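Novice: Got a sequence here, can you build the structure:
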Amino acid sequence: MTNSKYTQGDNEIGNEIRNITNTIKSEIKQIENNNKTLLKNLKRAKEAESILALKKSFLLKQNNELQSINNNIKAN
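Specialist: Numbering: from 1, shown residues only. Alright, predicted model coming up:
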């Protein structure tokens, strides 16, 4: 009878440990997935920032060229 109670107690402790371990693993997996999403979003933001910088550079160059043409027309 006593061995049976100990065995039952051990089984309950083992089950609780497994449940806690599974909960922790699940939470870790969720955090990892959230981190992956955040990293993807950060990468996209950096790419967008680079594209905007290139576009700004192009538009400034284009503006300078058009201003030069405009000045030449006014000079003639």
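
Novice: can you give me phi and psi for the residue nearest the centre of the chain?
Specialist: The centre of the chain sits closest to Leu38, judged by CA atoms, centre = their mean, with a distance of 1.5 Å. The phi/psi pair for Leu38 (degrees, to the nearest 10) reads phi -60, psi -40.

Novice: try the one 5 residues further on
Specialist: In this entry, Lys43 is assigned phi and psi values of phi -60, psi -40 (degrees, to the nearest 10).

Novice: Run a quick neighbour tally on Ala75.
Specialist: As a burial measure, Ala75 scores 6 neighbours (other CB atoms under 10 Å). C-beta coordinates here come from the backbone N, C-alpha and C atoms, glycine included.

Novice: From Ile69, how far off is it?
Specialist: According to CB to CB, to the nearest Å, Ala75 and Ile69 sit 11 Å apart.

Novice: Likewise for Asn76?
Specialist: On the measure of CB to CB, Asn76 and Ile69 end up 11 Å apart.

Novice: higher neighbour count, the two?
Specialist: Set Asn76 next to Ile69 and count neighbours by other CB under 10 Å: Ile69 wins out with 10 against 5.

Novice: Run the chain-centre distance for the helix or strand Leu39 falls within.
Specialist: Secondary structure from DSSP states H and E places Leu39 in helix 2-75. Relative to its chain's centre, helix 2-75 lies at 0 Å (CA atoms, centre = their mean, to the nearest Å).

Novice: What mean pLDDT does that helix get?
Specialist: On average, the pLDDT along helix 2-75 is 95.

Novice: From Ile17, how far out is Glu49?
Specialist: 47 Å.

Novice: got it, and Ser57?
Specialist: Taken as CB to CB, the span from Ser57 to Ile17 is 59 Å.

Novice: same question, Ser26
Specialist: Taking CB to CB, one finds Ser26 at 15 Å from Ile17.

Novice: Distance of Gln8 relative to Asn15?
Specialist: Distance from Gln8 to Asn15, by CB to CB: 11 Å.

Novice: Leu38 too?
Specialist: 35 Å.

Novice: Could you do Ser26 as well?
Specialist: From Ser26 to Asn15 the distance is 16 Å (CB to CB).

Novice: Burial check on Asp10, number of neighbours?
Specialist: Neighbour count of Asp10, defined by other CB under 10 Å: 10.
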